[in-house]
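[1] I would like to see how this sequence folds:
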Amino acid sequence: MKKYAWLFVFLVAFGGLWYPKLGLLLIPIMLLLGFLGFFSGKYWCGNLCPHGSLFDRFMLPISRSKKVPSFLKSRTMVVLVFILFMFGLSQRIIKAFTVFGEVSFWDKLGFVFVMNYFMVTIVGTLFAFFISSRSWCNICPMGTFQVLTYKLGKLMGLNAGSDKKVTVCSIDECLVCGKCTKACPMELVPHLEFAESGRVESEACIRCGVCVESCPADVLALSKLNDRREQSVSL
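    Numbering: from 1, shown residues only. From the prediction side, this is the model:
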């Protein structure tokens, strides 16, 4: 999925300009990523997202790889973008429903999602080039949507046994070299979090596994809380 999900971006964001009904494919995808958020947070972002695949595969090699400005990661900006995005989307959907029952309805509704997807593609790609490959992911409304469903999942106890987080298998063997932090596309600091809980607890983590792959001591893994408890008992 990481390698080829980017094809979906071109199918919908560009193909949808000529065949608007392709935008309707985004409806089940939005429902799916929200559902997955209940159990695994932003897992979709790091492993299944078509835009994420596009940014990792094509933009990462040519990105300027600058530090994401703090204001772009602030809660205020994240909330503001989410509200504006959802308000604009809902307004356009309501407008499309004014022709419900007519032949053109499904084209108009599909085109609403196509244009949203198209704009995310353009803005996200510009961010990826001028800042860093995953800079858009800090304020992506769908990422925020997953965080909200994840919080709800926590309250309902739905993700305690299903959520895989970056975990240090042995704190004593961790070199505290910071290479996992340097590799993190979301600019998190896993090597500092391990000292407290042994896991990356940040809700911004997209579970992409890049930090796991970059660890020179090979002591990182994506694992469930129950797996860690069993490991601790065995140690």
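
[2] quick one, what contacts the nearest residue to Ile27 once chain neighbours are set aside?
    Counting by CB to CB, 6 or more residues apart in numbering, Ile27 lies nearest to Phe113, which is 7.0 Å off, once chain neighbours are set aside. Heads up, the C-betas are built off the backbone N, CA and C, glycines and all. For Phe113, the contacting residues are 12, 16, 23-24, 26-27, taking CB atoms under 8 Å, 6 or more residues apart in numbering as the criterion.

[3] what would those look like in CSV with distance to Asn47?
    What follows is the contacts of Phe113, written out as CSV (distance: CB to CB, whole Å):
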residue, distance to Asn47
Val12, 19
Gly16, 24
Gly23, 23
Leu24, 24
Leu26, 18
Ile27, 21
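
[4] quick one: average pLDDT of whichever strand or helix holds the residue nearest to Ile27?
    Assessed by DSSP states H and E, Phe113 sits inside helix 105-130. Confidence for helix 105-130, expressed as mean pLDDT, is 98.

[5] in that helix, what's buried?
    106-118, 120-121, 124-125, 127-129 (16 or more other CB atoms under 10 Å).

[6] So the residue nearest to Ile27 versus Lys21, what's the distance?
    Between Phe113 and Lys21 the distance, using CB to CB, to the nearest Å, works out to 10 Å.

[7] returning to what we had before: which ones among the contacts of Phe113 are found in helices?
    Assigned to helices by DSSP state H, the following of the contacts of Phe113 qualify: 26-27.

[8] Assess the claim that Met77 and Ile139 are in contact.
    Yes: distance between Met77 and Ile139: 5.8 Å, which falls inside the contact criterion (CB atoms under 8 Å).

[9] which of these two has more neighbours?
    More neighbours surround Ile139 than the other of Met77 and Ile139, with 22 against 15 (other CB atoms under 10 Å).

[10] give the contact list for the more buried one.
    Ile139 makes contact with 72-73, 77-78, 81-82 under the criterion CB under 8 Å, 6+ apart.

[11] any idea which of these is closest to Ala204?
    The shortest distance between Ala204 and any of the contacts of Ile139, using CB to CB, involves Lys73 and amounts to 8.1 Å.
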